[in-house]
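A.B. asks: Give me a model of this one.
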Amino acid sequence: MPDIDLKILEKGGEQGLPPVHTWSPPFCGDMDMVIKANGDWVHQGGKMKRPAMVTMFSRILWLEEGEYFLMTPVEKVRIQVEDAPFLVTTWQWIETDKGRAIEFVTQTDDVRVLGVDCDIWLEPFAEEEHPYISMRYGMKALVGRHVFYALAENLVQVETLNGMGLGLISAGKSYLLMQDE
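C.D. replies: Next comes the predicted model:
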(Lines give C-alpha, C1' and ligand atoms only; values in the text may rest on other atoms or scores of the structure.)
Protein backbone atom coordinates (compact mmCIF):
# COMPACT_ATOMS: atom_id res chain seq x y z
CA MET A 1 0.00 0.00 0.00
CA PRO A 2 1.53 3.33 -1.06
CA ASP A 3 2.09 6.30 1.20
CA ILE A 4 1.81 9.72 -0.33
CA ASP A 5 4.61 12.27 0.10
CA LEU A 6 2.94 15.44 1.37
CA LYS A 7 6.04 17.65 1.66
CA ILE A 8 5.39 18.94 -1.84
CA LEU A 9 2.13 20.50 -0.64
CA GLU A 10 3.52 22.92 1.92
CA LYS A 11 2.88 25.86 -0.40
CA GLY A 12 -0.73 25.97 -1.55
CA GLY A 13 -2.07 28.08 -4.37
CA GLU A 14 -5.14 30.27 -4.35
CA GLN A 15 -7.25 29.62 -1.23
CA GLY A 16 -4.73 26.98 -0.18
CA LEU A 17 -5.52 24.83 -3.21
CA PRO A 18 -2.55 23.31 -5.01
CA PRO A 19 -2.84 23.20 -8.83
CA VAL A 20 -3.93 19.54 -8.93
CA HIS A 21 -5.54 20.08 -12.36
CA THR A 22 -2.08 20.75 -13.86
CA TRP A 23 -0.49 17.55 -12.56
CA SER A 24 -0.34 14.20 -14.35
CA PRO A 25 1.64 11.86 -12.08
CA PRO A 26 1.77 8.10 -12.57
CA PHE A 27 -0.72 5.88 -10.72
CA CYS A 28 1.01 4.35 -7.69
CA GLY A 29 -1.70 2.01 -6.36
CA ASP A 30 -4.53 1.97 -3.86
CA MET A 31 -4.44 3.57 -0.43
CA ASP A 32 -6.50 2.14 2.46
CA MET A 33 -8.58 5.30 2.80
CA VAL A 34 -12.36 5.71 2.60
CA ILE A 35 -14.49 8.81 2.76
CA LYS A 36 -17.65 7.50 4.41
CA ALA A 37 -21.16 8.61 3.42
CA ASN A 38 -21.43 10.51 6.73
CA GLY A 39 -18.35 12.62 5.87
CA ASP A 40 -15.84 10.73 8.05
CA TRP A 41 -12.42 10.12 6.54
CA VAL A 42 -11.09 6.68 7.52
CA HIS A 43 -7.47 5.61 7.04
CA GLN A 44 -6.41 2.00 7.65
CA GLY A 45 -9.66 1.32 9.52
CA GLY A 46 -9.45 4.28 11.91
CA LYS A 47 -11.30 7.59 11.69
CA MET A 48 -8.97 10.51 10.99
CA LYS A 49 -9.36 12.72 14.06
CA ARG A 50 -7.28 15.73 13.02
CA PRO A 51 -9.45 18.13 10.98
CA ALA A 52 -6.33 19.85 9.59
CA MET A 53 -5.13 16.52 8.14
CA VAL A 54 -8.53 15.84 6.53
CA THR A 55 -8.56 19.35 5.07
CA MET A 56 -5.04 18.92 3.71
CA PHE A 57 -5.95 15.63 2.01
CA SER A 58 -9.13 17.21 0.59
CA ARG A 59 -7.00 19.82 -1.17
CA ILE A 60 -5.27 17.14 -3.29
CA LEU A 61 -8.41 15.13 -4.06
CA TRP A 62 -9.09 14.48 -7.73
CA LEU A 63 -12.00 12.84 -9.57
CA GLU A 64 -11.21 10.97 -12.77
CA GLU A 65 -13.60 8.71 -14.67
CA GLY A 66 -15.71 8.12 -11.56
CA GLU A 67 -12.75 7.25 -9.30
CA TYR A 68 -11.13 9.36 -6.60
CA PHE A 69 -7.41 9.93 -6.19
CA LEU A 70 -5.05 11.80 -3.91
CA MET A 71 -2.45 13.47 -6.11
CA THR A 72 0.87 15.24 -5.80
CA PRO A 73 3.02 16.31 -8.76
CA VAL A 74 4.85 12.95 -8.59
CA GLU A 75 2.30 10.36 -7.41
CA LYS A 76 -1.36 9.42 -7.62
CA VAL A 77 -3.11 6.96 -5.29
CA ARG A 78 -6.70 5.76 -5.48
CA ILE A 79 -9.04 6.04 -2.48
CA GLN A 80 -12.67 5.03 -1.99
CA VAL A 81 -15.62 7.40 -1.57
CA GLU A 82 -18.98 5.98 -0.46
CA ASP A 83 -21.13 8.94 -1.52
CA ALA A 84 -19.72 12.47 -1.83
CA PRO A 85 -16.20 13.40 -0.73
CA PHE A 86 -17.33 16.65 0.90
CA LEU A 87 -20.02 17.46 3.47
CA VAL A 88 -21.72 20.84 3.86
CA THR A 89 -21.86 21.56 7.60
CA THR A 90 -22.98 25.20 7.77
CA TRP A 91 -24.65 27.87 5.67
CA GLN A 92 -25.66 31.50 5.90
CA TRP A 93 -27.21 34.27 3.83
CA ILE A 94 -24.72 36.80 2.47
CA GLU A 95 -24.94 39.83 0.18
CA THR A 96 -23.19 39.63 -3.19
CA ASP A 97 -23.06 41.89 -6.23
CA LYS A 98 -25.75 39.57 -7.65
CA GLY A 99 -28.02 40.00 -4.61
CA ARG A 100 -28.70 37.88 -1.56
CA ALA A 101 -27.00 34.49 -1.75
CA ILE A 102 -26.48 31.32 0.23
CA GLU A 103 -22.93 30.63 1.37
CA PHE A 104 -22.06 27.02 2.17
CA VAL A 105 -19.08 25.82 4.22
CA THR A 106 -17.90 22.20 4.15
CA GLN A 107 -16.22 20.17 6.89
CA THR A 108 -12.93 20.85 5.08
CA ASP A 109 -13.42 24.64 5.17
CA ASP A 110 -14.33 25.00 1.51
CA VAL A 111 -16.61 28.00 0.97
CA ARG A 112 -19.04 27.97 -1.95
CA VAL A 113 -21.72 30.50 -2.90
CA LEU A 114 -24.88 29.13 -4.48
CA GLY A 115 -25.44 30.70 -7.88
CA VAL A 116 -21.89 32.05 -8.06
CA ASP A 117 -19.50 29.08 -7.86
CA CYS A 118 -21.81 26.15 -7.16
CA ASP A 119 -25.26 24.76 -7.92
CA ILE A 120 -27.59 22.58 -5.83
CA TRP A 121 -29.64 19.54 -6.87
CA LEU A 122 -31.24 16.35 -5.55
CA GLU A 123 -30.21 12.87 -6.65
CA PRO A 124 -30.77 9.37 -5.29
CA PHE A 125 -28.32 7.67 -2.94
CA ALA A 126 -29.17 4.52 -0.96
CA GLU A 127 -32.80 4.70 -2.15
CA GLU A 128 -33.31 8.28 -0.87
CA GLU A 129 -33.07 11.68 -2.52
CA HIS A 130 -30.06 13.56 -1.18
CA PRO A 131 -29.14 17.22 -1.76
CA TYR A 132 -25.72 18.01 -3.24
CA ILE A 133 -23.77 21.08 -4.30
CA SER A 134 -21.09 21.21 -6.98
CA MET A 135 -17.44 21.40 -5.97
CA ARG A 136 -14.12 21.74 -7.77
CA TYR A 137 -13.02 19.34 -10.51
CA GLY A 138 -16.51 17.88 -10.98
CA MET A 139 -16.79 16.64 -7.40
CA LYS A 140 -19.80 17.23 -5.16
CA ALA A 141 -20.63 17.85 -1.52
CA LEU A 142 -23.53 16.30 0.34
CA VAL A 143 -25.61 18.94 2.07
CA GLY A 144 -25.82 17.78 5.69
CA ARG A 145 -29.29 16.87 6.94
CA HIS A 146 -29.46 19.69 9.50
CA VAL A 147 -28.33 22.21 6.86
CA PHE A 148 -30.94 20.99 4.38
CA TYR A 149 -33.71 21.18 6.99
CA ALA A 150 -32.71 24.78 7.71
CA LEU A 151 -32.66 25.55 3.99
CA ALA A 152 -36.13 24.00 3.63
CA GLU A 153 -37.47 26.83 5.79
CA ASN A 154 -36.32 29.20 3.03
CA LEU A 155 -37.98 27.47 0.07
CA VAL A 156 -39.96 29.75 -2.22
CA GLN A 157 -41.97 29.29 -5.41
CA VAL A 158 -39.55 29.21 -8.37
CA GLU A 159 -39.77 28.68 -12.10
CA THR A 160 -36.84 27.17 -14.00
CA LEU A 161 -36.31 25.46 -17.35
CA ASN A 162 -37.19 22.21 -15.51
CA GLY A 163 -40.58 23.47 -14.35
CA MET A 164 -42.24 25.17 -11.40
CA GLY A 165 -42.27 24.30 -7.73
CA LEU A 166 -40.44 24.98 -4.50
CA GLY A 167 -36.79 25.86 -4.49
CA LEU A 168 -34.16 28.40 -3.59
CA ILE A 169 -33.12 31.69 -5.12
CA SER A 170 -29.49 32.62 -4.55
CA ALA A 171 -27.41 35.29 -6.30
CA GLY A 172 -30.32 35.84 -8.68
CA LYS A 173 -30.42 32.21 -9.82
CA SER A 174 -33.36 29.87 -9.16
CA TYR A 175 -33.00 26.22 -8.14
CA LEU A 176 -36.00 23.89 -8.35
CA LEU A 177 -35.92 21.29 -5.56
CA MET A 178 -39.55 20.12 -5.38
CA GLN A 179 -41.50 20.21 -8.64
CA ASP A 180 -45.22 20.97 -8.66
CA GLU A 181 -47.33 18.05 -9.81
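A.B. asks: which stretches of the protein have low pLDDT?
C.D. replies: Applying pLDDT under 70 to the chain flags the ranges 1-15.
A.B. asks: Please, where are all the helices along it?
C.D. replies: 51-58, 145-152 (DSSP state H).
A.B. asks: For the first one, buried residues please.
C.D. replies: Along helix 51-58, the positions that meet the burial threshold by neighbour count (16 or more other Cβ atoms under 10 Å) are 54, 55, 56, 57, 58. All C-beta atoms are positioned from the backbone trio N, CA, C, and that covers glycine.
A.B. asks: Please apply the same query to the last one.
C.D. replies: Residues of helix 145-152 classed as buried: 147, 148, 151 (neighbour count, 16+ other Cβ under 10 Å).
A.B. asks: packing partners for that helix?
C.D. replies: Using 3 or more Cβ pairs under 8 Å, 6 or more residues apart in numbering; DSSP states H and E, the elements in contact with helix 145-152 are strand 86-96.
A.B. asks: is it true that residue 29 touches residue 78?
C.D. replies: Yes - using Cβ atoms under 8 Å as the test, residue 29 is close enough to residue 78 to be in contact (7.3 Å).
A.B. asks: Look at the two and report which has more neighbours.
C.D. replies: Taking other Cβ atoms under 10 Å, residue 29 and residue 78 do not tie; residue 78 has more neighbours (17 against 10).
A.B. asks: Grab the nearest non-local neighbour of that one.
C.D. replies: residue 30 (4.8 Å; Cβ to Cβ, 6 or more residues apart in numbering).
A.B. asks: Touching, that neighbour and residue 76? I think so.
C.D. replies: No - the criterion here is Cβ under 8 Å, and residue 30 misses it with residue 76 at 10.9 Å.
A.B. asks: For the most centrally placed residue in the chain, which residues are in contact?
C.D. replies: Compute the mean C-alpha point of the chain, and by Cα atoms, centre = their mean the closest residue is residue 141, 2.9 Å away. Contacts for residue 141 were tallied using Cβ atoms under 8 Å, 6 or more residues apart in numbering; they are 84, 85, 86, 87, 88, 104, 106, 110, 112, 132, 133, 135.
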